[in-house]
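1. Pasting the sequence and the predicted model now:
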Amino acid sequence: MGARRTIRSSRPTASSAPDLFAPSRPVQAAVPIPLAVRMRPRTLEEYAGQEHIVGPGQLLRRAIEADRITSAILYGPPGTGKTALAHIIAGATKAHVESLNATSAGVAELREAILRAKERARVNGTRTILFIDEIHRFNKAQQDVLMPDIEQGNPILIGATTFNPFFALAPALLSRSIVCEFKPLAEADILVLLKRALADPERGLGALQACADEAALRHLATVSDGDARRALNALEVAALTTTKTNGAVHITLKDVESSIQKKAVVYDQAGDQHYDTISAFIKSMRGSDPNATLYWLAKMVYAGEDPRFIARRIVICASEDVGNADPQALLVAAAALQAAEFVGLPECRIPLAQAAVYIACAPKSNAAYMGLEKATADIKAGRTLQVPTHLKDASYKGAEQLGHGAGYQYAHNFPGHHVEQEYVPTSTVYYEPTELGFEQTIRQRLEQLKSRASRRADKTTK
């Protein structure tokens with residue numbers, strides 16, 4: 001075993017700057033401020049992640065630095081920096097900031113905030129930024145109240161939501177705003193925030209003289225699923241509940257497992273555990289074992305595997321291993337993939353489980369896949385066949401002069417909507433349906449068509 005690495009905090013010095021979003025009415029009693037709130041970045045330089053939005057040269061960053069911010073909807077999972085960015089905008093702009101939460105504010109509060117913004121602009125020319133958290137909670141009437149003034153540029157709307165705004169907000173409001181999609185933070189970004197919280201002398205855990213094992217911090221960064229708030233809250237719980245030794249707090253992997261209520265699972269996202277587990281998952285579905293399927297799925301989700309990666313493998317298995325034995329399997333799998341994109345963790349694990357169990361329990365056939373492989377092998381071997389003249393495109397001017405389409409027989413003009421004609425110049429059979437599931441029906445139909453064609457051939461011969 002190598003030497004254990006630790007990250008240490010430094011001693012406190014001064015209190016943090018006042019919160020620009022603090023309520024105007026006096027607070028009756030001092031309430032401890034959570035570490036995640038205390039450690040909110042104050043400048044763009046302190047901001048971690050979302051490089052595609054606020055990285056050097058990006059549109060929103062340029063607008064903030066030039067104090068030319070326009071109305072924006074900040075959309076993404078919890079703990080990814082939406083409210084933190086709103087704080088930074090508030091600190092960087094010369095505008096006045098008003099804050100509302102859509103879960104408690106109504107039309108009256110909205111109208112009052114807009115009237116104050118108009119009065120402010122009339123008296124001293126000051127613009128107003130109206131920050132609305134959970135903006136998806138506003139109904140159509142509340143959103144309609146905003147639109148005329150947002151269009152005029154005062155107040156400037158900054159809305160934060162965890163819901164896809166293209167489903168949750170009115171198109172007219174979206175057309176007046178830029179939409180910024182926030183992504184789950186990378187583990188490296190969360191590690192930066194955790195280490196900063198331990199080292200910060202003003203807002204962090206300096207007063208506790210805390211240090212943390214590298215393995216403990218990496219576990220928090222992994223299992224927080226890109227949620228910085230969750231990681232910081234768990235770090236604070238671990239620091240406050242760990243017994244001091246010689247006046248200092250030493251946070252171990254066991255401590256953070258307890259604080260975030262998630263045991264560390266041996267699972268490397270890019271190594272053997274990743275590939276071995278997904279392999280076991282796929283083979284369990286292929287082998288029609290729903291119990292093993294659910295176990296490997298649970299392990300991957302618990303360990304922090306990307307649910308979209310899991311969903312893609314389910315879709316592939318539905319087509320490769322179930323195929324036409326149950327055509328519904330591909331629809332179920334595709335729906336699970338869409339749900340994983342739309343719903344996200346933690347709830348998307350439920351449709352993933354439903355789809356995986358459906359695939360595991362469905363009848364199996366790889367006949368379509370094997371047929372494709374056989375045809376591909378022929379093409380690779382140099383067996384490139386020409387399209388029969390009667391099947392060639394005859395829709396453009398001059399095609400008739402080339403003979404394209406001549407002699408083509410339209411299947412729907414014949415009994416049973418089927419007619420025998422050459423569709424490919426080879427007698428090789430590529431698709432051989434099994435007798436399992438719906439493929440039994442397909443097999444019977446192909447045999448009927450073949451028998452009918454044989455009878456017609458016999459009549460022609462006689």
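-> Happy to help now that I have it. Numbers count the residues shown, from 1 in each chain.
2. any idea how far stretch 289-304 is from the chain center?
-> Offset of stretch 289-304 from its chain centre (Cα atoms, centre = their mean, to the nearest Å): 19 Å.
3. Tell me who's in contact with the residue nearest the centre of the chain.
-> Per Cα atoms, centre = their mean, the C-alpha nearest to the average position across the chain is that of E341, at 4.6 Å. E341 makes contact with R308, according to Cβ atoms under 8 Å, 6 or more residues apart in numbering. To be clear about C-beta, it is placed using only N, CA and C from the backbone, and glycine gets the same treatment.
4. Show me the contact partners of the one helix or strand A375 maps to.
-> Taking DSSP states H and E as the criterion, A375 maps to helix 367-380. With contact meaning Cβ under 8 Å, 6+ apart, helix 367-380 is reached by S319, E320, G323, N324, T428, Y430, Y431, E432, P433, T434, E439.
5. Next: stretch 245-262.
-> Stretch 245-262 is contacted by residues 6, 205, 208-213, 215-217, 219-220, 223-224, 230-231, 234-235, 237-239, 241-243, 263-264, 302 when judged by Cβ under 8 Å, 6+ apart.
6. buried sites along it?
-> Buried residues in stretch 245-262, counted by 16 or more other Cβ atoms under 10 Å: 249-260, 262.
7. Specify which member of those residues is nearest to P78.
-> Lowest distance from P78 to the buried residues of stretch 245-262 (Cβ to Cβ) belongs to I260, with 14.8 Å.
8. quick one: that closest one and Y302, what's the gap?
-> Separation of I260 from Y302 (Cβ to Cβ, to the nearest Å): 12 Å.
9. And for E119?
-> If you go by Cβ to Cβ, the gap between E119 and Y302 works out to 54 Å.
10. Poorly predicted segments of the stretch 151-300 of the chain, please.
-> 261-273 (pLDDT under 70).
11. Enumerate every residue touching the residue lying closest to N324 once chain neighbours are set aside.
-> Of all residues not flanking N324 in the chain, E439 sits nearest, at 5.0 Å (Cβ to Cβ, 6 or more residues apart in numbering). Counting by Cβ under 8 Å, 6+ apart, E439 touches G323, N324, A325, P363, S365, A367, P433.
12. any idea which element the fifth one lies in?
-> S365 is located outside every helix and strand, with elements delineated by DSSP H and E.
13. Which residues are in contact with the nearest residue to it once chain neighbours are set aside?
-> Spatially, and ignoring its direct neighbours in sequence, S365 is nearest to A325 (3.8 Å; Cβ to Cβ, 6+ apart). With contact set as Cβ under 8 Å, 6+ apart, A325 has these partners: A362, P363, K364, S365, T434, L436, G437, F438, E439.
14. before we move on, the earlier item: turn the buried ones among the contacts of stretch 245-262 into a named PyMOL selection, would you?
-> Here is the PyMOL command that selects the buried residues among those (16+ other Cβ under 10 Å):
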select buried, resi 6+205+208+209+210+211+212+213+216+217+219+220+223+224+230+231+234+235+237+238+239+242+264
